[in-house]
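Asks: Need a 3D model of the following:
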Amino acid sequence: MEIAGIIMASGFSSRMGEDKLLMEIGGVPIVQRVMFAALQSKLSKTVIVCRRHEVSKLAESIGIEAVRNESAHKGQSESIRAGIRALEEYKFDGHMFIQADMPFLKSGIIDMLVQKSIENPTSIIVPTYGGRRKSPVVFPKDLKEELLNLQGDSGGRVVIKRHSERVVLLEVGCSLCGRDVDTMNDYIELQRMENDINV
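Replies: I've put the predicted structure just below:
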């Protein structure tokens, strides 16, 4: 069973005032930390859907295919569509959607989700971090058309809600790994945590 990864990197960072994905934690851009986690995991292939040239250059420099999203202003559904379509020729068994702003996401967590998907091939696999549902989420291949038909800013949550009986939760046991960067305060706090880890 083969799972593909789609890193979602088309957001506008409206609460940050600048592109948060290119901001560094531990000397590495946030988005590149996520790319490394995906590359080191058991995902069969990973693409990143982005709108900025700087992000696509970073991706290509480490061997990840970048899919430019020229319709990012139309909402999250455009990123989902672009990612799935970029992978269509490979006939994967499922798609894992990965937020690009989770600097402490580990390849081991991605691997746990891949394994859970192998054990539950028709389920939607949702990780929990200390009980909180977060990203990345794995959707089985039979839900591909529903994902492709999403409109506007509707994301995978719509499909999860529609098929709640198919959701399998997986507690990954690392609350820090599930933290994302939405505000400058988040960034400062996670930077401090990185410094504390490396003291």
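Asks: so what does the helix-or-strand element of the chain with minimal mean pLDDT touch, helix or strand wise?
Replies: Of all helical and strand segments in the chain, the minimum by mean pLDDT, DSSP states H and E falls on helix 184-197, at a mean of 84. When contacts are defined as 3 or more CB pairs under 8 Å, 6 or more residues apart in numbering; DSSP states H and E, helix 184-197 sits against strand 24-25. C-beta coordinates here come from the backbone N, C-alpha and C atoms, glycine included.
Asks: ok, the strand it packs on: who's next to it in the sheet?
Replies: strand 28-29 (antiparallel) (DSSP bridges).
Asks: Show me what secondary structure element comes after the partner strand.
Replies: Where DSSP states H and E defines the elements, the next helix or strand beyond strand 28-29 is helix 30-39.
Asks: for the chain, which spans come out with low pLDDT?
Replies: 12-18, 196-199 (pLDDT under 70).
Asks: ranges for the strands of it?
Replies: Applying DSSP state E to the chain gives strands spanning 3-9, 24-25, 28-29, 45-50, 65-68, 94-99, 124-129, 132-133, 137-140, 167-171.
Asks: In contact with the residue most central in space within the chain, which residues?
Replies: For the chain, residue 98 is the residue whose C-alpha lies nearest the centre (CA atoms, centre = their mean; 0.9 Å). When contacts are counted by CB atoms under 8 Å, 6 or more residues apart in numbering, residue 98 touches 5-8, 34, 38, 105, 110, 135-136.
Asks: That one - nearest residue in space that isn't next to it in sequence?
Replies: Nearest non-adjacent residue to residue 98, counting by CB to CB, 6 or more residues apart in numbering: residue 136, 4.2 Å away.
Asks: before we move on, what about residue 171?
Replies: Excluding the flanking residues, the one nearest residue 171 by CB to CB, 6+ apart is residue 128, at 4.9 Å.
Asks: State the distance from that neighbour to residue 76.
Replies: 21 Å (CB to CB, to the nearest Å).
Asks: who's more crowded, those two?
Replies: Per other CB atoms under 10 Å, whichever of residue 128 and residue 76 has more neighbours is residue 76, with 20 against 15.
Asks: I'd say that one and residue 157 touch.
Replies: No. Between residue 76 and residue 157 there is no contact under CB atoms under 8 Å: 9.5 Å.
Asks: quick one, phi psi at the residue nearest to residue 98?
Replies: Phi and psi for residue 136, reported as degrees, to the nearest 10, are phi -80, psi 160.
Asks: What residues does it make contact with?
Replies: Residue 136 makes contacts with 5, 96-99, 105, 109-110, 113, 127, as judged by CB under 8 Å, 6+ apart.
Asks: now it: how far from residue 178?
Replies: 10 Å.
Asks: overlap in contacts of these two?
Replies: Residues touching both residue 136 and residue 178 (CB under 8 Å, 6+ apart) are 105, 127.
Asks: Residue 141 versus residue 119, what's the distance?
Replies: Applying CB to CB, the value for residue 119 to residue 141 is 16 Å.
Asks: Which of these two has more residues huddled nearby?
Replies: Of the pair residue 119 and residue 141, residue 141 is the one with more neighbours under other CB under 10 Å, namely 17 against 11.
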